[in-house]
Each structure stands twice: as C-alpha cells, then as structure tokens.
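# Give the three-dimensional model of this entry:
(one chain, ligands or ions: 2)
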Amino acid sequence: MDEKLKIAIDGPAGAGKSTVAKLVAEQLSFLYIDTGAMYRALTWAAIAAQIDLNDGERLRQLLDETTIRLSNEDNKLNVYLNEADVTQQIRQNDVTAHVSLVASHELVRKEMVERQRQLAQQGRAVLDGRDIGTYVLPDAQIKVFLTASVEERARRRFEEQQAKGMESSLEQLKEEIARRDNLDSTRAFAPLKKADDAVEIDSTNLSIEEVAAKIIELVKERTR
Ligand SMILES: Nc1ncnc2c1ncn2[C@@H]1O[C@H](COP(=O)(O)OP(=O)(O)O)[C@@H](O)[C@H]1O
Ligand SMILES: Nc1ccn([C@@H]2O[C@H](COP(=O)(O)OP(=O)(O)O)[C@@H](O)[C@H]2O)c(=O)n1
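Ligands and ions are numbered 1, 2, ... in the order given. Next comes the predicted model:
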C-alpha cells in the first residue's frame, strides 16, 4: 500500500464522519486528523478572548499566535490549544453555534489548510471535514462524501447529547444543523461540496460498522 495513501471524508454535520474516520483509521492503522476540531479549537480561543468573530484578520492573528495539537492517546482523541487540553470545551454548544462563522474567513482557512496538509504529510492518513477532497487534499486516492437525512443527523446528535446528560431539543438541533450546513455550503472560499471524484455514501440506514466496511472496501479496490 502507498506510504502516502490519504482518505478524505467530507460531508454535512452529523453524517458520521468523525466516528467512521476514527474507526477506519484504527482498522487500517492510519493517522486520523479531525480538521473540524481545529476550527473548533480556534473558535473556543476566540470566544474566550472576546474577539469579534466577524473579524477575519483578528482571528487569523489569534491563530498565528496559537498552537493546536491533535493527539491520539489510549484510543481517545485529545485536542490541545497552546498545550492546554480543550477536548471537552470545543464540543460545547456556544462553540458549535459559532464555528461555521469562524471557519468562513478565507484568512483563517488558508492557515488551517496549511497546517492540515503538514499533518497529513506524516504518512497514511484519514482526514475528515468539509473541504478535504475538494481543497485540502485534491489528490487523495480515496474520497468519500458522507451524507444522511437531516432528521437522522439531528436524531444522532440528540442521542449523543442525551447520553452526555446535556439539555437539548430535537427540533432545535435540526435547525442548528441546517443552519450550519447552509453556512458551510454557501461560504465563498472552499465551501462544503462533493468532489467530482468522491464516492457518495448515504448513511441514513447504515450502521457505523457498515459505513466503515464500505470505505475499507473502497481502499482495497483502489489499492489492489
Ligand atoms: N451510521 C450511523 N448510524 C448511527 N449513528 C451514527 C452513525 N454514524 C455516526 N453515528 C452517531 O452520530 C453522531 C454524530 O456522528 P459524528 O461522527 O460526530 O458526525 P460528524 O463528524 O459527521 O459530524 C455520533 O453520536 C455517532 O455515534
Ligand atoms: N475541513 C473543515 C472542517 C470543519 N469546518 C468547519 O468546522 C465546523 C465544525 O466541524 P466538525 O467536523 O467538528 O463538525 P461536526 O459535524 O462534527 O459537528 C463545521 O461546521 C465547519 O464550519 C470547515 O469549515 N472545514
């Protein structure tokens, strides 16, 4: 297998990208790079520093002063911002509500994409996000566009939040997901969209294991 093999998984919120990317990476012993966690970490830092999230130049300045490290310890993904563990904080509702605005700025994206390409250079890797197959790694050998109905995606988030003991409403989650998808797919720079050469997988009626198996099958087909 190619030492530099890359798997790009893009798609809307709640389609199962991170869950499946992590599983595929584990099964194939690839590095897993959660690019959404990087945008979330910057958003968390910007909120903490009370920066205007419409100000792309200021956000870029903050990013330039900030290190974001993704680490995989004991099968758990941890995210460090200037070496402080922010793994839990970046999943908070206020970060989720503002991350697409932060990620819409071209100045922010250019630097994030640089960092993501550098991380991916380390070897075989699975990256998940919104623009991996179209922009970050247009030459990735395997590209998947993972979707599911908005109802199913909201249901999954609802269950996830219930399990964590977080207050939430299904209707609100559906609205929030639809709003974020809209922002992500209509932004001017590197919007969420299926790459022409990506394989679309609709996970609405598939289990996590079934989606992972389909991706591993694609890898086997392409590397035969
Ligand atoms: N195929 C699936 N069937 C059922 N639940 C799923 C499936 N894929 C993911 N999930 C669950 O849905 C939630 C959202 O998945 P996640 O991987 O965070 O999505 P994304 O990274 O695309 O936003 C998680 O709680 C996950 O366990
Ligand atoms: N490659 C990426 C990854 C995430 N993002 C942004 O970051 C947000 C959070 O990404 P995520 O993958 O953590 O989102 P979830 O779908 O897991 O909630 C997305 O809604 C996008 O606005 C992006 O613009 N480009």
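# rest of the way, CA atoms for contacts and neighbours
Fine.
# Show me what from this structure comes close to ligand 1.
Proximity of the chain to ligand 1, by C-alpha under 6 Å from any ligand atom, involves residues 13-19, 156-157, 160, 203, 206-208.
# Export these to JSON lines and append columns for secondary structure and distance to ligand 2.
Listed next are the residues of the chain next to ligand 1 as JSON lines, based on DSSP: H, G, I helix; E, B strand; the rest coil; distance: C-alpha to the nearest ligand atom, whole Å:
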{"residue": "13", "secondary structure": "coil", "distance to ligand 2": "3"}
{"residue": "14", "secondary structure": "coil", "distance to ligand 2": "5"}
{"residue": "15", "secondary structure": "coil", "distance to ligand 2": "7"}
{"residue": "16", "secondary structure": "coil", "distance to ligand 2": "8"}
{"residue": "17", "secondary structure": "helix", "distance to ligand 2": "7"}
{"residue": "18", "secondary structure": "helix", "distance to ligand 2": "6"}
{"residue": "19", "secondary structure": "helix", "distance to ligand 2": "9"}
{"residue": "156", "secondary structure": "helix", "distance to ligand 2": "11"}
{"residue": "157", "secondary structure": "helix", "distance to ligand 2": "9"}
{"residue": "160", "secondary structure": "helix", "distance to ligand 2": "11"}
{"residue": "203", "secondary structure": "coil", "distance to ligand 2": "14"}
{"residue": "206", "secondary structure": "coil", "distance to ligand 2": "18"}
{"residue": "207", "secondary structure": "coil", "distance to ligand 2": "17"}
{"residue": "208", "secondary structure": "helix", "distance to ligand 2": "15"}
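# Out of these, which end up buried?
13, 14, 15, 16, 17, 18, 156, 157, 203 (16 or more other C-alpha atoms under 10 Å).
# Let me see the contact set for the nearest residue to residue 106 once chain neighbours are set aside.
Using C-alpha to C-alpha, 6 or more residues apart in numbering and skipping residues adjacent in sequence, the residue nearest residue 106 is residue 189, 6.0 Å away. Residue 189 makes contact with 104, 105, 106 under the criterion C-alpha atoms under 8 Å, 6 or more residues apart in numbering.
# which stretches of the chain form helices?
17-28, 35-48, 56-64, 93-102, 106-120, 150-163, 170-186, 208-223 (DSSP state H).
# hmm, the fifth one touching ligand 2?
Read it as helix 106-120. No. No part of helix 106-120 sits near ligand 2 under the criterion C-alpha under 6 Å from any ligand atom; the closest distance found is 7.6 Å.
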